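In: give the three-dimensional model of this entry:
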Amino acid sequence: EAMKDLYKCYTTEDMVRLNTHNSQHMEALQGLKSILVQIASLQLRREEVSLAKVSDPQQQQAQKAKIQEYNQTIAILQQKHSELSKRASQAFDRMYDLPFLRRARAVRWQLTMSTA
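Out: Reported below is the predicted structural model:
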């Protein structure tokens, strides 16, 4: 299996392309994790605000506005998550035909080429 991958990826340009796709994939995955943490945090804060007991009509209005603000921010982050997920999939798909080299890059093996 490794040799088949190496025959498909034998020039410096091919190796650079593979490395670029891998970097894009890893960067997108890191961004996805970050966005998920932000969404979870906002959802917790939204729940805290919605569960708070408010009797004053002015405070109720402020509470509704804050909940709406959280909902909008969450929707924006979910859209970013969707876009980033597509980019991660595209980068992964570009590496799909090279499973050995993809795994080697994922575990950060040092790959070098020899002209000999």
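In: residue contacts, the most centrally placed residue in the chain?
Out: The centroid of the chain falls nearest to Leu32 when counting by CA atoms, centre = their mean (2.7 Å). When contacts are counted by CB atoms under 8 Å, 6 or more residues apart in numbering, Leu32 touches His81, Leu84, Ser85, Ala88. The way it works is simple: take the backbone N, C-alpha and C, and place the C-beta from them, glycine included.
In: pretty sure the first one is touching Ile39, no?
Out: The reference is to His81. Yes: shown here, His81 and Ile39 form a contact pair, counting by CB atoms under 8 Å, at 7.3 Å.
In: what separation do you get for the nearest residue to Leu36 once chain neighbours are set aside and Ser23?
Out: Of all residues not flanking Leu36 in the chain, His81 sits nearest, at 7.0 Å (CB to CB, 6 or more residues apart in numbering). Going from His81 to Ser23 by CB to CB, to the nearest Å gives 20 Å.
In: neighbours around the residue nearest to Leu36, how many?
Out: By other CB atoms under 10 Å, the residues close to His81 number 17.
In: ok, it - contacts?
Out: Leu32, Ile35, Leu36, Ile39.
In: 10 Å instead?
Out: Shown in contact with His81 (CB atoms under 10 Å, 6 or more residues apart in numbering): Gly31, Leu32, Ser34, Ile35, Leu36, Gln38, Ile39.
In: which secondary structure element is home to it?
Out: Secondary-structure element containing His81, defined by DSSP states H and E: helix 57-95.
In: starting at the chain centroid, how far to that helix?
Out: Centroid displacement of helix 57-95 relative to its chain, using CA atoms, centre = their mean, to the nearest Å, is 13 Å.
In: what residues sit buried inside it?
Out: For helix 57-95, a neighbour-count test (16 or more other CB atoms under 10 Å) marks Gln63, Tyr70, Ile74, Leu77, Lys80, His81, Leu84, Ala88, Ala91, Phe92, Arg94, Met95 as buried.
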